[in-house]
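> predicted model follows, preceded by the sequence.
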Amino acid sequence: MSDERRRFFRIEDIVGLKSQVIEKQELEQRLESFWNDQHQFSLRNEFNFKLEQHQADLQHIKNKMPELGRYLSVLQEQLDLLTDKILTDEDNFSTREIPVNISAQGISFISDEQVNVGDIVELNLLLLPSQQKIVTFAKVIECNHQDNNQDKYTISLDFEHIHEADRELLVKHVHRKQLKSLGAARFEENT
């Protein structure tokens, strides 16, 4: 396991997932579209990421100029309402819920379909319970028969092509799940 794979925490989780192997002849065009024409929900993730990066600035403005701070907060709320109304492609995001092992670097899950190491797979991820959506292109790093069922495969993938805001969203998702798990473990210890 490389140092790159170790720098992100991994959790057991359940996510909505749809996967599709991308044929080599399609890959360049699909990646160009991925980087130049983001899905609308990826734009929403980018929008939220930028807002989070400037929360300290907004708080500073609110402290120094409360009227301006209130006005900027209202504008932010209005933009949120507009993005909710405008972003329509989210309804076409069909996935099925499955158990996974996930980090901001990659994912592994059990599948009925065998894939080849080195294949590039387009993944549609639906994070639960937040309903946040991510599209990424991942590289297959392992595909092995399951010990107890030769008709199933454990597939491990690295997120090779992922927008920065989407990776940040995964980092926060994993962190929230870890905190929730730690809180539950502490509660069990104390009862």
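Now that the structure is in, tell me what you want to look at.

> next up, the contacts around Gln114.
Counting by C-beta atoms under 8 Å, 6 or more residues apart in numbering, Gln114 touches 143, 153. No exception for glycine: its C-beta is placed from N, CA and C like everyone else's.

> which residues touch the helix or strand where Ser19 lies?
Element membership of Ser19, judged by DSSP states H and E, is strand 11-22. For strand 11-22, the external contacting residues (C-beta under 8 Å, 6+ apart) are 30, 94-103, 109, 111, 115, 119-128, 137, 174, 177-178, 181.

> pairing partners for it, with directions?
strand 96-102 (antiparallel), strand 120-127 (antiparallel) (DSSP bridges).

> quick one on the thing from earlier: if any of the contacts of strand 11-22 are buried, give me the PyMOL selection for them.
Selection of the buried residues among the contacts of strand 11-22 in PyMOL, burial being defined by 16 or more other C-beta atoms under 10 Å:
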select buried, resi 30+100+102+103+109+111+115+119+120+121+122+123+124+125+126+127+137+174+177
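
> please pull out the lowest mean pLDDT helix or strand from this structure.
helix 3-6 (a mean of 51; mean pLDDT, DSSP states H and E).

> scan this protein for its longest strand.
If you go by DSSP state E, the chain has its longest strand at strand 132-146.

> pLDDT (mean, whole number) over that one?
Averaged over strand 132-146, pLDDT sits at 93.

> packing partners for that strand?
Identification of packing neighbours for strand 132-146 by 3 or more C-beta pairs under 8 Å, 6 or more residues apart in numbering; DSSP states H and E yields helix 24-36, helix 40-53, strand 106-111, strand 120-127, strand 149-161, helix 164-190.

> now the strand holding Ser19 and strand 149-161, what's the angle there?
Relative orientation of strand 11-22 versus strand 149-161 (axes from the mean of the first three to the mean of the last three C-alpha atoms, to 10 degrees): 80 degrees.

> where does this structure have low pLDDT?
Within the chain, the segments meeting pLDDT under 70 span 1-7, 38-45, 47, 49, 83-93.

> dump the residue contacts of Asn116.
Contacts of Asn116 by C-beta under 8 Å, 6+ apart are 140, 143.

> helix, strand or coil: sort out it for me.
At Asn116 the chain is in coil, as set by DSSP: H, G, I helix; E, B strand; the rest coil.

> and it, how far is that from Arg70?
56 Å (C-beta to C-beta, to the nearest Å).

> if we can go back for a sec, buried stuff in the longest strand of the chain?
Residues of strand 132-146 classed as buried under the neighbour-count rule (16+ other C-beta under 10 Å) are 132-141, 143.

> pick out whichever of those sits closest to Glu188.
Within the buried residues of strand 132-146, proximity to Glu188 (C-beta to C-beta) peaks at Gln132, which comes in at 28.4 Å.

> follow-up on the earlier one: chain center to the longest strand of the chain, what's the gap?
From the chain centre to the centre of strand 132-146 is a distance of 12 Å (C-alpha atoms, centre = their mean, to the nearest Å).

> thanks a lot, see you next time.
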